[in-house]
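1. I'd like to go over a predicted model; first the sequence, then the structure.
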Amino acid sequence: MTEAPADGERTLLVVHHTPSPSTRELLEAVLAGARDPDIVGVRVRTVPALGATVPDVLAADGYVFGTTANFGYMSGALKHFFDTVYYPCLDAIAGRPYGLWVHGNNDTAGAVASVRKLVTGLALAQVTQDLEVTGPIDAQVRERCYELGATVAVSVSQEV
Ligand SMILES: Cc1cc2nc3c(=O)[nH]c(=O)nc-3n(C[C@H](O)[C@H](O)[C@H](O)COP(=O)(O)O)c2cc1C
């Protein structure tokens, strides 16, 4: 069930497919940034892509999407998410901010392009550069993930 936010609080929904330790590490860094103590009035909800629902999306004020690159596309799990929510949410969430991270072994371009097509269709507002990560996770990557989460959370907090 989607828990109601406290009065005046906004919700950042993090929808992710994280099937490995390294992708989990990226998620944790994004969440840490989104929950930066200096960002007030934003509740961060995290939901695996295979469990995210239309009410989850409608109830949120902004989004971070995270996925692996699979065969030159977003993961099947994130694709399933968009298949589920796209038409029910079309027109209802236009203008809300989003961020995206993609992890792959060597080529994330197709995965990024596939998500871009959908967020463009949904008319979401890109508030930070897409984060493409290949290979092992280091401190610099964790920092970029933190910044991604924090930037989207700040946008959510400032939305009118
Ligand atoms: C079926 C499959 C397809 C994949 N396709 C791509 C791909 O097109 N591009 C890429 O960069 N990595 C690809 N990968 C690698 C995954 O993106 C990578 O395993 C995932 O991000 C998790 O990273 P890790 O195994 O280092 O934890 C693929 C992996 C699998 C299992």
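-> Noted; the coordinates are in hand. Numbers count the residues shown, from 1 in each chain.
2. look up the closest residue to residue 45, ignoring the ones flanking it.
-> Distance criterion CB to CB, 6 or more residues apart in numbering; nearest residue to residue 45, sequence neighbours excluded, is residue 13 at 5.2 Å. Just so you know, the C-beta spots here come from the backbone N, C-alpha and C atoms, and that holds for glycine as well.
3. packing partners for the helix or strand hosting the one you found?
-> Taking DSSP states H and E as the definition, one finds residue 13 inside strand 10-16. Applying 3 or more CB pairs under 8 Å, 6 or more residues apart in numbering; DSSP states H and E, one finds that strand 10-16 makes contact with helix 21-34, strand 42-48, helix 54-59, strand 62-70, helix 139-158.
4. in contact with the nearest residue to residue 99 once chain neighbours are set aside, which residues?
-> Spatial nearest neighbour of residue 99, excluding adjacent residues (CB to CB, 6+ apart): residue 152 at 4.1 Å. Counting by CB atoms under 8 Å, 6 or more residues apart in numbering, residue 152 makes contact with 12, 34, 62-64, 97-99, 127-128.
5. format those as CSV; extra columns: distance to the ligand, neighbour count and pLDDT.
-> Putting those into CSV (distance: CB to the nearest ligand atom, whole Å; neighbours: other CB atoms under 10 Å; pLDDT from 0 to 100) gives the following:
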residue, distance to the ligand, neighbour count, pLDDT
12, 23, 29, 98
34, 21, 28, 98
62, 24, 26, 98
63, 20, 24, 98
64, 16, 30, 98
97, 24, 22, 98
98, 20, 24, 98
99, 17, 31, 98
127, 24, 19, 98
128, 20, 20, 98
